[in-house]
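[1] pasted the sequence and its predicted model underneath.
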Amino acid sequence: MADCLREGASGLWSILALLRENPEELKRHVAKRLMDTSIVDRAYKLDVEWRSLLTEINQLRHRHNVVSRSVGKASDPEERKKLIAEAKRLLEELSHKESKLKRIEKEREEALLALPNIVDDDVPVGDESSSKPLAYWGRPKVWKGFLEAFRRETVENGFNVDYEVIEWKPVGHADMLENVLGLGNTLKAGEVAGSRFYYLFEDIVWLDFALLLYAMDVLTSKGYKLVLPPYMLRYDVMSRVIDLDTFRDAIYKIEGEDLYLIATAEHPLAALYYKSELYDDELPIKLVGVSPCFRKEAGAGNRDLKGVFRVHQFHKVEQFVFSTPEDSKKLHEEIINNARELFEGLGLPYRIVNIASGDLGACAAKKYDLEVWMPAQGKYREMVSASNCTDWQAYRLSIRLVRRKGMERGYVHTLNSTGIASTRTITAILENYQEPDGTVVIPKILNKYLEGFKRAPKGHIEPVRKPATT
RNA sequence: GCCGCGGUCGCCUAGCCUGGUUAGGGCGCCGGCCUGCUAAGCCGGUGGGGGAAACCCCGCGCGGGUUCAAAUCCCGCCCGCGGCGCCA
């Protein structure tokens, strides 16, 4: 990224500074995202137009203020009359220019808010297929039928991943849940609530909560402050936390209220310091939020329709960090490493992917995904997403950074990462920890979060039915 | 849901009734002077925006209105506190 602008030395939002100083450079960033660069031209034009009209109006306002103030001082009634007439004339001149300004200001604001974040230099350029695996961990169980594809993706890509070949084909998570274990019912949920809803029962419910407790335990031990946030936000706030596309595709609205259900604790956590200032000596602020997440999944089509991999509601433990601009890269590594630690603790084989520019959300300058190997699908699937939003979110939420030295002002950087998302992680456990007879072993590390409860599963979950042989 | 009171530039607070100097003061913070060092003391700064700068505009919860002029008057909304009602 443009180093000279990183700290927002001017106190300006880094993207606005770049728009003014080097719009062509900003266009290159937008182009990397495979987005239409005309939004930059539009924002640039509106910004210039707005500034020139603003100057003009400020001069008029000044003249009006001067005349208006002198009315109060004038004692002669004739003089007052003349001054008031002059003030009225100026007001008239102002009024139509001001309505024009209002219009342009609104358009400018919209154009600025439509700009995506800049793209970090480390981000691979291209569409989804350009996303780059960086590291592999664990020893995936690879069914012999997936062996060729697995090797193509790992060994032939220069990653020497150790793996275990299995002769039997694992049962998919959806089948495991509903048929082999008999601990989920998405059919009834579909009937009473719609597709992508679910009932979970007994051991799986305990597992859901154990996963949350595990993530809360690990992350709070690292000094992250535990937060239970609001599950709904006002439009004004929600629209500043996320971009328009996300809003449209993910967010549920409460009818008759100015309230929107959160799609992740990231939203209320980011909003915790809405319209406030943070001093550099109190940063970084590290939070771990736990909340249900509600998602419309409007753009998902028929993808992952079975089971609980992609659903309208789930629980999630989320990491969120407010940092200084100079520390955000380091903290981005920290939060993805925390996520790695959580999944290593669970013994789930994963890889870390550096997400390509075309697949980044508008808020992120850089994003790592953690994808877990799914033995029944023969693929790595996303479990965690860790983004560095730099000052994109902070600008929209007016979260200022104040540096003690010289009391200079800028914007903080924000970062977020999944800790554990319950249902999705459960799918990974169902596929990775199943035995040929259908038993699901519970990752050892979760036992201590289960042992306090009389009816919680101990060590493993029993199948009610043998898996169908392949 | 109803009634009453309140929301002031990081925090506390004055101003509001009775519209018109640069929204005054205290605390905190930043910078400077002084000092052997620290403290105290003194001086200045401490919201957003435009401008190279001088300087100017905007800002008193949010949004409207009245007026030449609104923190101040009027209307709507949001939030907080107290009381009443309702529900558990």
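    Yes, it's here. Numbers count the residues shown, from 1 in each chain, chains lettered A, B, ... in the order given.

[2] centre of the chain versus stretch A:40-54, how much separation?
    With C-alpha atoms, centre = their mean, to the nearest Å as the basis, stretch A:40-54 stands 29 Å off its chain's centre.

[3] host element of A:Glu382?
    Assigned by DSSP states H and E, A:Glu382 falls within strand A:379-388.

[4] list, one by one, the residues from the stretch 51-200 of chain A near RNA strand B.
    A:51, A:54-55, A:57-59, A:61-62, A:64-69, A:71-72, A:84, A:87-88, A:91 (C-beta under 7 Å from any atom of the strand). C-beta coordinates here come from the backbone N, C-alpha and C atoms, glycine included.

[5] again, but for the stretch 301-450 of chain A
    A:Arg400, A:Arg404, A:Lys405, A:Gly406, A:Met407, A:Arg409.

[6] who's in contact with the first one?
    If a contact means C-beta atoms under 8 Å, 6 or more residues apart in numbering, then A:Arg400 has A:Ser276, A:Glu277, A:Leu278, A:Ala394, A:Arg409, A:Gly410, A:Tyr411, A:Val412 as its contacts.

[7] tell me what the strand holding A:Glu382 is packed against?
    helix A:328-346, strand A:350-354, strand A:366-374, strand A:413-421, helix A:422-432 (3 or more C-beta pairs under 8 Å, 6 or more residues apart in numbering; DSSP states H and E).

[8] can you pull out the strands in the stretch 1-150 of chain A?
    A:132-137, A:141-143 (DSSP state E, counting those that start in this stretch).

[9] pick out the residue in the stretch 151-300 of chain A sitting closest to RNA strand B.
    A:Glu277 (6.1 Å; C-beta to the nearest atom of the strand).

[10] a helix runs through that residue, doesn't it?
    No: using DSSP: H, G, I helix; E, B strand; the rest coil, the assignment for A:Glu277 is strand, not a helix.

[11] quickly list what it is bridged to.
    Judged by DSSP bridges, the bridge partners of A:Glu277 are A:Arg400.

[12] same thing with A:Trp137?
    In this structure, A:Trp137 bridges to A:Tyr350 when assessed by DSSP bridges.

[13] quick one: contacts for it?
    With contacts defined as C-beta under 8 Å, 6+ apart, the neighbours of A:Trp137 are A:Arg340, A:Phe343, A:Glu344, A:Pro349, A:Tyr350, A:Arg351.

[14] tell me which two in those are the farthest apart.
    Pairwise distances across the contacts of A:Trp137 (C-beta to C-beta) peak at 12.4 Å, for the pair A:Glu344 and A:Arg351.

[15] got the contact list for stretch A:223-243?
    For stretch A:223-243, the surrounding residues in contact (C-beta under 8 Å, 6+ apart) are A:116, A:216, A:220, A:247, A:250-251, A:254, A:258-263, A:265-272, A:274, A:285-292, A:294, A:319, A:361-363, A:393, A:396-397.

[16] coming back round to it: same question for the helix or strand that the strand holding A:Glu382 is followed by, mean pLDDT?
    Where DSSP H and E defines the elements, the next helix or strand beyond strand A:379-388 is helix A:392-397. The average pLDDT for helix A:392-397 rounds to 94.

[17] so what's the nearest residue to A:Leu177 once chain neighbours are set aside bridging to?
    Setting aside the residues directly before and after it, A:Leu177 is nearest to A:Gly184 in space (C-beta to C-beta, 6 or more residues apart in numbering), at 3.9 Å. Note on A:Gly184: beta-bridge partners A:Leu200, judged by DSSP bridges.
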